[in-house]
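Trainee: Sequence first, then the predicted structure, then my questions.
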Amino acid sequence: MVYLTKSAEETEIIGKRLAASLEAEGIKRAAIAMRGELGVGKTAFTRGFASHFGISGVKSPTYTIVNEYRGRARLFHFDMYRITDENDLYSIGYDEYIEAEGYSVIEWSENIDSALPDDTLFVTIKRCEPFPDGREITIEAKYEDFSI
Ligand SMILES: Nc1ncnc2c1ncn2[C@@H]1O[C@H](COP(=O)(O)OP(=O)(O)O)[C@@H](O)[C@H]1O
Ligand SMILES: [Mg+2]
């Protein structure tokens, strides 16, 4: 699935649609791996995802590595930018989060590729010229017949 957005608000809407689709499919636990360079819109996407569950105030968890929210569902928002090896993951309780009921949205997932679950959804965001605020968002899911 590939989407083109032309503003942060439109990217948020795609994130919100992904959340709505997961909920509609009865998928209550998922890992969502975000890929894309700094400032491309990973946190904006997560903000939209969170809004579907009535969660607001989503901020980048750069310093804390993980922010935990609770709305109609639980959201675990990770920023793996500073994570360099598996011991770091262990110390933040990554495995417990991943197994818990709720949604783990992971920025800088490139840093922990080998620790992602098999059924991880991938969301890749790229700048899309010539639009100044254009972004191409690709969502890859292993669920059968899944669409947003
Ligand atoms: N189409 C778009 N989608 C997402 N963000 C956009 C878009 N166009 C412009 N922006 C801006 O890009 C920035 C994205 O920031 P952020 O979501 O924090 O990125 P990241 O988490 O990938 O570092 C914001 O300032 C946002 O307003
Ligand atoms: Mg971010």
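Mentor: Now that the structure is in, tell me what you want to look at. Ligands and ions are numbered 1, 2, ... in the order given.
Trainee: now the host helix or strand of Tyr69: mean pLDDT?
Mentor: Using DSSP states H and E, Tyr69 sits within strand 66-70. Per-residue pLDDT values over strand 66-70 give a mean of 97.
Trainee: I'd like the distance from that strand to the chain centre, please.
Mentor: On the basis of C-alpha atoms, centre = their mean, to the nearest Å, strand 66-70 is displaced by 13 Å from the centre of the chain it belongs to.
Trainee: In terms of secondary structure, what does the following helix or strand past that strand contact?
Mentor: The helix or strand immediately downstream of strand 66-70 is strand 74-79, counting by DSSP H and E. Counting contacts by 3 or more C-beta pairs under 8 Å, 6 or more residues apart in numbering; DSSP states H and E, strand 74-79 is packed against helix 42-52, strand 66-70, helix 94-99, strand 102-107. (C-beta placed from N, C-alpha, C; glycine too.)
Trainee: ok, and does the strand holding Tyr69 reach over to ligand 2?
Mentor: No - if you take C-beta under 5 Å from the ion as the test, strand 66-70 misses ligand 2, and the best it gets is 11.1 Å.
Trainee: Mind telling me which residue of the protein is nearest ligand 2?
Mentor: Residue nearest to ligand 2 within the chain (C-beta to the ion): Thr43, separated by 3.5 Å.
Trainee: Give the burial count for the nearest residue to that residue once chain neighbours are set aside, as a bare number.
Mentor: Nearest-residue entry for Thr43: Ser60, 5.0 Å, with adjacent residues in sequence omitted and distances by C-beta to C-beta, 6 or more residues apart in numbering. For Ser60, the count of nearby residues is 15 (other C-beta atoms under 10 Å).
Trainee: what's the answer for Val2, then?
Mentor: Residues within reach of Val2, counting by other C-beta under 10 Å, total 9.
Trainee: At the geometric centre of the chain, which residue do we find?
Mentor: Central residue of the chain (C-alpha atoms, centre = their mean): Val105, 3.4 Å from the mean position.
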